[in-house]
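Student: just the structure for this:
(one chain, ligands or ions: 1)
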Amino acid sequence: MIRQDAHRIDPKRRATIDPKKRQFATPTYKQQDYPHRLNIYDTPPTAEITLEQFEQWAIDRLKVLAEIEACSYRNKSPAETESHITPLLQKFLPLSSNTASSNGAADPRLRNERQKDHYSHFILRLAFSATEDLRRRFARAETMLFRYRFQKDDSRERRAFIESLNLDWEPVSEEERNQVAENLIGATLGLRRVDEETWYKVDWEKVAELVERRSVFMKRGKAYVPGREQLSMIMAEFTARLERSLELTSRALPRLDEDDRLTPILNHLSKNFGSAESVYSESEGHVDGAAITASSIDSLSQHFPLCMRSLHMNLRKNNHLKHFGRLQYTLFLKGIGLSLEECILFWRQSFKGKTDDEFNSQYKYNIRHAYGDVGGDVNRRGRGYPPYSCQKILGDNNVGIGQTHGCPYRHYSVDNLVGLLQSTGVHDKEVLRGVREDVGKQRYHIACNRVFEFSHKNEIKKVKEDGTWSQADLDTIVHPNTYFKRSYLLKTLAKAPPRGEA
Ligand code: SF4
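Tutor: Coordinates of the predicted model:
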């Protein structure tokens, strides 16, 4: 399925793979046809793609799934979720219906869209089948994506797609339907006559949701489901098949360990579920035209996320920060566009109790090192290290007592966190209740986004209403430098689109 033109798999290496770990079936390499827009992902892809496509397609899908998950965590209504993910889907994972082209499914554009959708699903299946938690989250987000697309599908194409699935739904004969008519009317809300509907007999486990709601008649392990509940049945089918396949994939995973091209990509992807961090580029935090100097950091700190704001407050209070706090903060400041000279000046002025000699001998080297001015590996010379993402900061398990780095949403006690938020002007009871709940469920970056949305609610409303920003410009923040840039732009340049896309 993967092609890397410069590094094709060495046939000798392929032959040395442990035979016990071989796939269950011999793959047949072929291009697939995609007659339908929707896909239930029963057939794994077998044609070749490049390693670049492998990674990029997976990242694009991950971006969509991470946003779907974030919407659900933030209890967004179906309508809000739809308006949030529609532009993202158009941008990262478009999927047109056959009627979008006069050539229908034969149109190469439609074929490419469907191929990307198909392959990216299977790549992420590999990345997210390793643990039960990842499998559960992946199946949930994929089911929500499928539901959204299913509901949006052209009704004729949807019918053709369902017929193609050969589902195990047994149509109820007219005779049987009339025999159980009273039971059907009694169990089905709003039904007056049984002949208003087409009925199917389905194993009850396949429609557990309907059974739980007591909205179907049951007999001998079969649920009698009206055609109008087709969506529930399809969703149940989709989820059941996906969960089964994820289990099977997890058992086949050890074989992949032997492929040193794919394993690092898959590991990277699975680490970033929920943050889609891979889409952040180092220059993304820069704000064109903004004056970022040592003397402007105090006033700019109002735009900093809580992790950096708390470091800044500590620095001002104690005229000092410990090593890891300095490193986290220096890289962030570099990421917002503070030059090396200004950064050295900033730290020099901040460490009020130190002499020039002490500063130069104890601190200056580390600042220059972070910027790539000295030391480090050759590849980083001149660039230094990238600013830390939320994923990296949140994943730090070594933030001990007395340390000020890390993410306050994860590393502070809830009471200290709430106190810190209040000291930055967040007093709204509903927001603080939401933050407590997010933190209790370990959804730290969701809590951070909740606070961002609250602190910028007027500006967000304005840029949405005047159409200068789209929903895609307001996706979930997963990087402290994105937080800064978005806050700065919203508060000071409310009309300019982010990321210099104008
Ligand atoms: Fe900083 Fe990210 Fe934590 Fe927000 S979620 S405080 S940006 S580390």
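
Student: from now on I want contacts and neighbour counts done on CA atoms only, so please keep to that.
Tutor: OK.

Student: only the buried residues of whichever helix in the chain runs longest, if you could.
Tutor: Here the longest helix in the chain is taken by residue count, with DSSP state H as the criterion, and it is helix 230-256. Buried positions in helix 230-256, judged by neighbour count with 16 or more other Cα atoms under 10 Å: 232-239, 242-243, 245-246, 249-250, 252-253, 256.

Student: up against the ligand, what does the stretch 401-502 of the chain have?
Tutor: With Cα under 6 Å from any ligand atom as the criterion, the stretch 401-502 of the chain meets the ligand at residues C407, P408, Y409, Y444, H445, C448, H479, P480.

Student: which SS class is the closest residue to the fourth one other than its chain neighbours?
Tutor: Okay, so that is Y444. Take Y444 and drop its neighbours on the chain: the residue closest to it by Cα to Cα, 6 or more residues apart in numbering is Y409, 5.5 Å away. Secondary structure of Y409, reduced to three states by DSSP: H, G, I helix; E, B strand; the rest coil: helix.

Student: same deal with V225?
Tutor: Assignment for V225 (three-state DSSP): strand.

Student: and if you look at Y488?
Tutor: Put simply, Y488 is helix when judged by three-state DSSP.

Student: tell me the centre residue of this protein?
Tutor: Central residue of the chain (Cα atoms, centre = their mean): A66, 1.6 Å from the mean position.

Student: quick one: the helix or strand hosting that one near the ligand?
Tutor: Taking DSSP states H and E as the definition, one finds A66 inside helix 51-73. No: taking Cα under 6 Å from any ligand atom as the criterion, helix 51-73 and the ligand are apart, separated by no less than 12.9 Å.

Student: which elements pack onto that helix?
Tutor: Helices and strands in packing contact with helix 51-73 are listed as strand 2-3, helix 78-92, helix 108-127, helix 132-152, helix 262-271; criterion 3 or more Cα pairs under 8 Å, 6 or more residues apart in numbering; DSSP states H and E.

Student: any residues touching the third one, and which ones?
Tutor: For helix 108-127, contacts defined as Cα atoms under 8 Å, 6 or more residues apart in numbering pick out 33-34, 37, 39, 41, 44-45, 54, 57-58, 61-62, 93-98, 104-105, 138, 246, 249-250, 253, 266-267, 269-270.

Student: could you tell me which residues within that helix count as buried?
Tutor: Judged by neighbour count using 16+ other Cα under 10 Å, the buried positions of helix 108-127 are 110-111, 113-127.

Student: could you measure from M235 over to L242?
Tutor: When Cα to Cα, to the nearest Å is the yardstick, M235 and L242 sit 10 Å from each other.

Student: just I401 next, same as before
Tutor: In this structure, I401 lies at 44 Å from L242, with Cα to Cα as the measure.

Student: and I234, by the same measure?
Tutor: Taking Cα to Cα as the measure, I234 and L242 are separated by 12 Å.

Student: show me what counts as buried in stretch 317-336.
Tutor: Using 16+ other Cα under 10 Å as the burial criterion, the residues of stretch 317-336 that qualify are 319-321, 325-336.

Student: correct me if wrong: R450 contacts R433.
Tutor: No: in this structure, R450 is not within contact of R433 by Cα atoms under 8 Å, at 10.8 Å.

Student: tell me which of the two has more neighbours.
Tutor: Neighbours were tallied for R450 and for R433 using other Cα atoms under 10 Å; the higher tally belongs to R450 (18 against 11).

Student: could I get the residues of the stretch 401-502 of the chain next to the ligand as CSV with neighbour count and pLDDT?
Tutor: Compiled in CSV, these are given as follows (neighbours: other Cα atoms under 10 Å; pLDDT from 0 to 100):
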residue, neighbour count, pLDDT
C407, 25, 95
P408, 25, 96
Y409, 26, 96
Y444, 22, 92
H445, 25, 89
C448, 25, 96
H479, 24, 90
P480, 23, 94
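
Student: closest to S389 out of those residues?
Tutor: Checking those against S389 by Cα to Cα gives H479 as the nearest, at 4.7 Å.

Student: go ahead and confirm the closest one touches S389.
Tutor: Yes: at 4.7 Å, H479 and S389 qualify as touching, with contact defined as Cα under 8 Å.

Student: next up, phi/psi of E170, please.
Tutor: Summarising the backbone geometry of E170 under the convention degrees, to the nearest 10, its torsions are phi -90, psi 120.

Student: any idea how far it lies from G227?
Tutor: In this structure, E170 lies at 12 Å from G227, with Cα to Cα as the measure.

Student: shared neighbours, those two?
Tutor: For the pair E170 and G227, residues contacting each of them under the criterion Cα under 8 Å, 6+ apart are Y200.

Student: outline the domain layout of the chain.
Tutor: By the assignment in automatic domain parsing, the chain contains the domains 51-163+241-277, 166-234, 280-495.

Student: the stretch 301-450 of the chain: strands as residue ranges?
Tutor: Taking DSSP state E, counting those that start in this stretch as the criterion, the stretch 301-450 of the chain carries no strands.

Student: residue ranges in it under the pLDDT threshold?
Tutor: By pLDDT under 70, the weakly predicted segments of the stretch 301-450 of the chain are 376-382.

Student: residues from this structure in reach of the ligand?
Tutor: The interface of the chain toward the ligand, taken as Cα under 6 Å from any ligand atom, is made up of 305-307, 390, 393-394, 407-409, 444-445, 448, 479-480.

Student: mind redoing it with 5 Å?
Tutor: With Cα under 5 Å from any ligand atom as the criterion, the chain comes near the ligand at residues L306, C307, C390, C407, H445, C448, P480.

Student: from F484, how far out is the second one?
Tutor: What it means is C307. In this view, C307 and F484 are 11 Å apart by Cα to Cα.

Student: how about S96?
Tutor: Using Cα to Cα, we find S96 at a distance of 36 Å from F484.

Student: these two: who's more crowded?
Tutor: Each of S96 and F484 has its neighbours counted (other Cα under 10 Å); F484 has more, 25 against 20.

Student: let me know whether that one touches F304 as I believe.
Tutor: Yes: counting by Cα under 8 Å, F484 sits close enough to F304 to count as a contact (5.1 Å).

Student: what do the two both touch?
Tutor: By the contact definition Cα under 8 Å, 6+ apart, F484 and F304 are jointly contacted by no residue.
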